[in-house]
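Chemist: Take a look and give me a structure for this.
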Amino acid sequence: MKLIAITTTLWLALVAPKLPALSADRVVVVCSCSLDAYQEALVGIRQTLGREPEVVNLDAGGAGALRPSARRDSGKIYIAVGRDALHAALSEAPKVSVIGTMMLREDAPNEAVKAVAEIDLDVPPRLLLRELRRLFPRKTRLGILLSRKTDRAALLAGGSALGFSVQFREVSDPADLAKAFLSFKGNADLVLTLPDKALYNGATVPRLVLASLESRIPIIGFSATFVRAGAAAGIFADFQEAGRQAAEIALRYDPGNPQRTVEQARKLTVAVNQRIFRLLGLEYEPKEGVEVYR
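Modeler: So this is what the prediction gives:
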């Protein structure tokens, strides 16, 4: 199976931040490090720090592994990679400054407001839809699967501005996901899915992919894993860049003047599954900057 990826950089500032204010050896990374996505973020953190950071692997020692590190030096700053790591860092090392990354805003733990910074993986609707239009310039009917908590207004306005006729299907139960998808047959050229861990898992995604192939309606996913599993395309935050962002904030951090910040990931990856394109009878038109994964 081939995977084509288009990477779009969405820099938030024209000038690179001034680095560093904090020595790189004061940065500690907390993560469940066996996850591929978190490994990608670690690559970005290492690149920015210019060294191998101290890493507390929750897979090896659980949340309790944080306590000895926190006792040794409260002057360190922690980068928590993922929701569980952020929860553990804020709970087990409450006196340490913590930066959270690799989370969706709605999935952040309740105590996330205690973090000095947060980098969210949410893709703004206008950027998501812009990349979708670039991928499928001749498709006009867009179906969107969403949950009740999703804000529809921005999706509807952004889609209309780009020439999409937008329809929604609300899904509250994972068992209804494939049925909701198939209700778009004859009414949509593409179906966009949005991140929701309650709906998408190892059981529901294969059924959704099968429904896509049977109905010949492309799925637009929200991760590289989803695209490899059979979504025709995916638009999602770049995980390495999310790691770089967190490390930049750590190096700039001034404990004498703490100011909480919330940032969005500044780089997108757009991925296309070439095999699924062929099975759906679609032709992929190469775009500038395309990389092919074999």
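
Chemist: Contact partners for Ala229?
Modeler: Ala229 makes contacts with Val205, Pro206, Val209, Gly221, as judged by C-beta atoms under 8 Å, 6 or more residues apart in numbering. For the C-beta atoms, the positions are set from N, CA and C on the backbone; glycine is no exception.

Chemist: Please repeat the previous calculation with a cut-off of 6 Å.
Modeler: Residues counted as contacts of Ala229 (C-beta atoms under 6 Å, 6 or more residues apart in numbering) are Val205.

Chemist: what's the answer for Val98, then?
Modeler: Counted by C-beta under 6 Å, 6+ apart, Val98 has contacts Tyr78, Ala80, Ala89, Leu90, Ala115.

Chemist: Restricted to strands, list those residues.
Modeler: Tyr78, Ala80 (DSSP state E).

Chemist: Next one, pLDDT for Tyr290 please.
Modeler: Quick fix: residue 290 reads Val, not Tyr. Predicted confidence (pLDDT) at Val290: the value is 46.

Chemist: Make residue 1 into 458 and carry on from there
Modeler: New numbering, starting at 458: the last item is Val747.

Chemist: does the nearest residue to Ala645 once chain neighbours are set aside sit in a helix or strand, and which one?
Modeler: Excluding its sequence neighbours, the residue lying closest to Ala645 (C-beta to C-beta, 6 or more residues apart in numbering) is Gly600, at 3.4 Å. Element membership for Gly600, per DSSP states H and E: strand 598-603.

Chemist: Give the next helix or strand downstream of that strand.
Modeler: Trace forward from strand 598-603 with DSSP H and E and the next one is helix 609-618.

Chemist: just checking, what packs against that next one?
Modeler: When contacts are defined as 3 or more C-beta pairs under 6 Å, 6 or more residues apart in numbering; DSSP states H and E, helix 609-618 packs onto helix 582-592, strand 622-627.

Chemist: quick one: that helix to strand 598-603, angle?
Modeler: 160 degrees (axes from the mean of the first three to the mean of the last three C-alpha atoms, to 10 degrees).

Chemist: how big is the angle separating helix 609-618 from helix 582-592?
Modeler: Computed by the same axes, to 10 degrees, the angle between helix 609-618 and helix 582-592 is 30 degrees.

Chemist: And Gly600, how close does it get to Gln624?
Modeler: 5 Å (C-beta to C-beta, to the nearest Å).

Chemist: What segments of the stretch 608-751 of the chain are helices?
Modeler: 609-618, 634-639, 661-672, 681-686, 696-709, 731-736 (DSSP state H, counting those that start in this stretch).

Chemist: Which positions in the fourth one come out as buried?
Modeler: By that I understand helix 681-686. Residues of helix 681-686 classed as buried by neighbour count (16 or more other C-beta atoms under 10 Å): Ala681, Phe683, Val684, Arg685, Ala686.

Chemist: List just the nearest of these to Lys606.
Modeler: Proximity of these to Lys606 (C-beta to C-beta) peaks at Phe683, which lies at 20.1 Å.

Chemist: Could you pull up the residues touching that closest one?
Modeler: Applying C-beta under 6 Å, 6+ apart, the residues near Phe683 are Gly691.

Chemist: From Gln496, how far out is it?
Modeler: From Phe683 to Gln496 the distance is 18 Å (C-beta to C-beta).

Chemist: Ok, Leu737 next?
Modeler: For Leu737 relative to Gln496 (C-beta to C-beta), the value is 31 Å.

Chemist: Surely Gly532 is in a strand?
Modeler: No. Assessed with DSSP: H, G, I helix; E, B strand; the rest coil, Gly532 is coil; it does not lie in a strand.

Chemist: How about it: what's its closest non-neighbour residue?
Modeler: Arg483 (6.4 Å).

Chemist: just Leu619 next, same as before
Modeler: Arg590 (4.6 Å).
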